[in-house]
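Peer 1: Quick one: sequence plus predicted model below, questions after.
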Amino acid sequence: MDMEETIAAIATPLGVGSLSVVRLSGKTALKVADAIFQGSNGQPSSYPTMTMHLGVIHDNDVMIDEVLLSVMRAPRSFTTEDVVEISCHGGILSAKRILDLALKHGARLAQPGEFTKRAFLNGRIDLTRAEATLDIIMAQTEGAHTAAVAQLEGHLFRRLGKVYDHLSNLLAHVEAHIDFPEEDITPETRERIAEHLTDAVKFQELLIRTARDGRVLREGVKTIIIGKPNVGKSSLLNALLGHDRAIVSATPGTTRDTIEEVATIEGLPLRLMDTAGLRESSEEVEKEGMSRTRKHLQSAELVLFMLDASHRMDDMDRELLALSKEKPLIIVLNKIDLGQVIDSNYVRDQTTCSLSVKTGQGIDDLKKLISVHLWQGKTRESFREIFINTRHQEALQRSRKALEKAKVALDEKRSFEYIAADLREALEALGEVTGRSVTDDVLDKIFSQFCIGK
Amino acid sequence: MAGSSSPMFTHPKTYDVIVVGAGHAGVEAALAASRMGACTLLTTMDLDTIGKMSCNPAIGGLAKGHIVREIDALGGQMGLTTDATGIQFRMLNRKKGPAVWAPRAQCDKKAYQYAMKAVCERQSSLDVRQAQASALIVEGDQIKGIETSMGVQFLGTCVIITTGTFLKALMHVGESQQRGGRGGEPAAYGLSDSLNRLGFELERLKTGTPPRLNRHSINWKELTVQEGDQPTPPFSYVHEASYADHVVLEAKFEADGVVFHVEQNDRGWRMADCRIPPKGLQTSKMKSKRLPKIRNPKSEIRNSPWSPPLRQLPCHLTSTTLRTEEIIRANLHRSPMYSGQIQSTGPRYCPSIEDKYVKFPDKETHQIFLEPEGLNTDEIYVNGCSTSLPYDVQIDLVHSIKGLENAEIMRAGYAVEYDYAPPTQLLPWLETKRVKNLFFAGQLNGTTGYEEAAAQGFVAGINAALRIQGKKPYTFSRADSYIGVLVDDLVTKGTQEPYRMFTSRAEYRLLLRQDNADERLTALGFEWGLISKERHGLFQDKLKRIASLRETLKTKRLKGVTLQQWLRRPEVNLDDLIMRAPEWLADIPDDLKASIEMDIKYEGYIARDMAHVERLKKTENQPIPEHMNFQEIRALRRETREKLHKIRPQTIGQATRISGVTPADIGVLLVWMKKLSMKPQGSDSVM
């Protein structure tokens, strides 16, 4: 519980309201904001206190959301530390991604009641409020305790435990080699250690991916339907949703705004976005909609690219296809009831589904394809137990980063104590989740595996 | 509390500090306290066993060697005496990075012990007396002195107990049991009962030692020789080339004479940090031994390695055989460890030979080191062969080892069980929570090893002296020393097996190196008056030299690239640069090279550790009020409350390290503390 660290959390209740607020507090709050926010008028660290600014949150060059950012500098803020609040679009996804990004740039996930606790410890609020906070923390302690026990039995914990064991075995080898030079301990070769590290990284990636799977389960995958105007995008959306949501019209360009709906495909959520048709247009609004589509494409996790099977592909189709290919992609050949004219050789190497939204022919095939894509062949049963959360994910990512450093150190032929330092960092990150003491565990492993006795 | 009803004689001289026991902990405690000006008494059951090496004839090794360097950097004695009496010096782990190098020395056991005795005898402000403490005198919650088995009361302000393995000690050799703390020596009984009466918890631990063999009965030709390093790496910083000046404290045991004497030059004693020249020594008898004066410092430094005063001896390596395993398996039922005769826990890292075969059945042979016990004894220590099997089995066992087919056992190996006081009963400066001004140090606290004992003795000694001076106690930190790691582990986590230091116990291993213990600690030793002005001056010179070398590396360029940048490359080392840029880098003393190279090569790692340390310091600087009642913080889980109540952490940092205490618990604690500080005193809890 370090008061020096910058903490971050979603400050508004999840899934309620049209706005979500991500709050940062601590010495580096402004620095973190600088890294993720592009304002129209400079960087957050240059903003005066008690001001609000329009800009975008971006991950490298990918835009996440358009937001309002407020700066409250120490000591005149809720916690008396530097505080940044980011108001983004409502719904869980945007806030969650902004939070993830802040964590990636050095903030730590705040613990329950931690903002209030800081406010209290820094003398900002009075006893009565502090006691309420204490109740929250207390409840959370009990809650966390129960949750931890539940997790002990859980799938995630077993999996994390496996990585932890694997790595602590490896560290035990390295440590034994360092601490007992006079014993006849043959160390693992660098090649073997490198193999172990690669395995561990793979395993961690798998787990991190289950974080994505867990999120998919809870929040769905952002899916975008792309295609030329009037290719049947809105109709497909309606077909997948099972009711009329978007305004369907035979006039190109009817869909001017982005429509987002959650469809249930084989029991799993799919966040479907219908977009304004992409085509050159002189209309301002239309332009706006198209640029939005391009941006949405960047943040999409799955693209349904629609072609009219009854026409030949034109330059625009090809251009859009090239754009879409950067993302996981399913090609939908619509209007097969009008006869197939299109040369399917262009899309031969892609997952393709021929259908007619109008007749309903092939829609079920598409749903199956989507579901297969989402779960990559896994059964839904296997995801029932996974509830890897942001804290787990953050620990795993730190752990993986440290392991990658260890690999570099190995490649550079650094001496074992440096590899041990990286391994220890990796293990400690995991230990935070599993609640283990690395030193004790490693010593236990050394003495059970090596006969030490000079 | 009087321990006996017979009339007592109260010793007329009263002391500031009384140290009970003169092993490795007791000696450091007594020397540190007296050198800090406290009028000190050192008592032992037998004056001839002061500083006795009960088990292996060696000091140092991984982590332990680091501890000795730290004790030396602070102005303690262990390193100096090791240098004076060592008969083989090595720097372990040379093939790995400098962060995990560690010095180790074989010592002439008797020379070591008598050198220590001589140092204590000659130390001003220190009285050495043969006396067996049988009870503690306590008034209220404060210690007042000790009673001895001869009915004498010694009164003192502080008492440091360092009784090692002697409390209710029971030795086992096969089915035979004998009361005693060390081969041929009695056990101490009264003190355990006295501690029990005062409410201290005592538990049992076990340790063991291997047989000693007669040198002449060993077939040496069969065995692999292990020589010491050349040049010999010393333990004490004052013997390093970078200190550019030398002290010689030389102990020699003369086989033909009865006399044991310690030789030193007149400056040497000051350099050895006895603040006042020894009593009763004729200056004319002092033999001065100094390295030639530096004419041209540059060339001198390179070529002035310290050389040990005693003749150097090799060790030998051998191994057990399949026959060893047969003998052990056939006789396991006669081992007290396996027959159930011994119930207490022994150290996992120092298993008996029978344990090794039982726990690692796949390993057919085990490595054995044969180490000389001294220059003037024929006893050979069989390292790796600790055992408590019956005498007849030990003979067969030894004979099954390569090269020892006809070896004669001069002393049998044995296991010893003894009382220890779980160290969670102590504050982080080793004072007991129960009785004020009473300190525990050494094996009594559940540790093992001379070095671990010495470190604790030193900590207790300086803190007793600080108490006498009316100053606040000093707590070593996990970030500044292995001593800090050791004491913090003991008082925060306790121990269920004999505790030994490993480098893997230290979070900041890359910072706590054997090459920089003086940079970490010497200023502190100087502040306490344990480091002489001369030595401190040499230390300052060394720091200046390091600073100027770092500047050179930062500014000078080879092929347009700074030397520092070159050094960052994994494949380039400092010696490569020295060869290429001798005009800037010539004449760097060897002992400096490691530090300089480390700091640059691994600056990323070091910076990461430093950042962690900064955060640690913040929490260490948040004291928990002394009379905090953890039991009334009902927002905490009951288990957590009880743990905090038992350990009584001194700082938030220490509280975070108690096993099972979660970050959320710490959050509650912080809020509670803030609340206390905001409320008028005496108001009731609302939680």
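Peer 2: It's in. Numbers count the residues shown, from 1 in each chain, chains lettered A, B, ... in the order given.

Peer 1: Can you give me the distance of A:Arg436 to A:Glu428?
Peer 2: 9 Å (Cβ to Cβ, to the nearest Å). All C-beta atoms are positioned from the backbone trio N, CA, C, and that covers glycine.

Peer 1: For the residue in the stretch 151-300 of chain A that chain B sits nearest to, which non-adjacent residue is closest in space?
Peer 2: Closest residue of the stretch 151-300 of chain A to chain B, Cβ to the nearest Cβ: A:Glu175 (4.4 Å). Leaving out its chain neighbours, the residue that sits closest to A:Glu175 by Cβ to Cβ, 6 or more residues apart in numbering or on different chains is B:Ser504, at 4.4 Å.

Peer 1: quick one: contacts for that neighbour?
Peer 2: Going by Cβ atoms under 8 Å, 6 or more residues apart in numbering or on different chains, B:Ser504 touches A:175, A:178-179, A:420, A:439, A:442-443, A:446.

Peer 1: Filter those down to the ones in helices?
Peer 2: Those of the contacts of B:Ser504 mapping onto helices are A:175, A:178-179, A:420, A:439, A:442-443, A:446, per DSSP state H.

Peer 1: thinking again about what came up before, let me have the contacts of B:Ser504 in a markdown table, extended by distance to B:Trp306.
Peer 2: Below are the contacts of B:Ser504 laid out as a markdown table (distance: Cβ to Cβ, whole Å):
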| residue | distance to B:Trp306 |
| --- | --- |
| A:Glu175 | 32 |
| A:Ile178 | 27 |
| A:Asp179 | 27 |
| A:Ala420 | 31 |
| A:Thr439 | 35 |
| A:Val442 | 36 |
| A:Leu443 | 35 |
| A:Ile446 | 34 |
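
Peer 1: Going C-terminal from the longest helix seen in chain B, what's the next secondary structure element?
Peer 2: Ranked by residue count and defined by DSSP H, the top helix of chain B is helix B:533-555. Next along the chain after helix B:533-555, taking DSSP states H and E as the criterion, comes strand B:557-558.

Peer 1: Partner strands of that following strand and their direction?
Peer 2: Using DSSP bridges, the strands paired with strand B:557-558 are strand B:561-562 (antiparallel).

Peer 1: what about the stretch 201-350 of chain A, any weak spots by pLDDT?
Peer 2: A:210-220, A:243-261, A:266-269, A:274-293 (pLDDT under 70).

Peer 1: Helices of that one, residue ranges please.
Peer 2: For the stretch 201-350 of chain A, the helices defined by DSSP state H, counting those that start in this stretch occupy A:233-241, A:284-299, A:315-324.

Peer 1: mind checking how far the last one is from the chain centre?
Peer 2: When you say that, I think you mean helix A:315-324. Here the centre of mass of C-alpha atoms in helix A:315-324, compared against the chain's by Cα atoms, centre = their mean, to the nearest Å, lies 27 Å away.

Peer 1: And it, what does it pack against?
Peer 2: Where contact means 3 or more Cβ pairs under 8 Å, 6 or more residues apart in numbering or on different chains; DSSP states H and E, helix A:315-324 is packed against strand A:221-226, helix A:284-299, strand A:302-308.

Peer 1: ok, now the shortest one?
Peer 2: With contacts taken as 3+ Cβ pairs under 8 Å, 6+ apart, helix A:233-241 sits against strand A:221-226, strand A:259-265, strand A:268-274, strand A:302-308, helix A:363-375.

Peer 1: Kindly state the beta-bridge partners for B:Pro372.
Peer 2: Beta bridges link B:Pro372 to B:Ile380, judged by DSSP bridges.

Peer 1: What separation do you get for it and B:Pro103?
Peer 2: 18 Å.

Peer 1: Those two - which one has more neighbours?
Peer 2: In this view B:Pro372 and B:Pro103 are compared by other Cβ atoms under 10 Å in any protein chain shown, and B:Pro103 has more residues nearby, 27 against 22.

Peer 1: ok but the more buried one is inside a helix, no?
Peer 2: No: assessed with DSSP: H, G, I helix; E, B strand; the rest coil, B:Pro103 is strand; it does not lie in a helix.

Peer 1: what sits against it?
Peer 2: B:Pro103 touches B:60, B:65, B:68-69, B:89-92, B:233-235, B:514, counting by Cβ under 8 Å, 6+ apart.

Peer 1: what does B:Asp355 give?
Peer 2: Each residue near B:Asp355 by Cβ under 8 Å, 6+ apart is listed here: B:337, B:346.

Peer 1: How is it assigned, secondary-structure-wise?
Peer 2: Under three-state DSSP, B:Asp355 comes out as helix.

Peer 1: where's the residue nearest to the spatial centre of chain B, which helix or strand?
Peer 2: The residue lying closest to the centre of chain B (Cα atoms, centre = their mean) is B:Glu451, at 1.9 Å. Applying DSSP H and E as the criterion places B:Glu451 in helix B:450-468.

Peer 1: neighbouring contacts of the helix or strand just after that helix?
Peer 2: Next along the chain after helix B:450-468, taking DSSP H and E as the criterion, comes helix B:482-493. Residues outside helix B:482-493 that contact it (Cβ under 8 Å, 6+ apart): B:63, B:66-67, B:70-71, B:423-424, B:426-430, B:445-447, B:452, B:455-456, B:458-459, B:475-478, B:495, B:499, B:501, B:505-507, B:512, B:647, B:649, B:654, B:657-659.

Peer 1: just the buried members of those residues?
Peer 2: Buried residues within the contacts of helix B:482-493, defined by neighbour count using 16 or more other Cβ atoms under 10 Å in any protein chain shown: B:63, B:66-67, B:70-71, B:423-424, B:426-430, B:445-447, B:452, B:455-456, B:458-459, B:475-478, B:495, B:499, B:501, B:505-507, B:512, B:647, B:649, B:654, B:657-658.

Peer 1: mind checking how far the residue lying closest to B:Ala655 once chain neighbours are set aside is from B:Gln622?
Peer 2: On the basis of Cβ to Cβ, 6+ apart, the spatially nearest residue to B:Ala655 that is not a chain neighbour turns out to be B:Pro649, at 3.9 Å. As for B:Pro649, its distance to B:Gln622 is 10 Å (criterion: Cβ to Cβ).

Peer 1: now B:Gln443
Peer 2: B:Gln443 sits 33 Å away from B:Gln622, going by Cβ to Cβ.

Peer 1: Looking at these two, which has the bigger crowd around it?
Peer 2: Using other Cβ under 10 Å, the more surrounded residue of B:Gln443 and B:Gln622 is B:Gln443, with 30 against 18.

Peer 1: residues in contact with that one?
Peer 2: B:Gln443 is in contact with B:23, B:25, B:163-165, B:418, B:420, B:453, B:498, counting by Cβ under 8 Å, 6+ apart.

Peer 1: Tell me the most packed of the residues you listed, by neighbour count.
Peer 2: If you count neighbours using other Cβ under 10 Å, the busiest of the contacts of B:Gln443 is B:Ala25, which has 34 neighbours.
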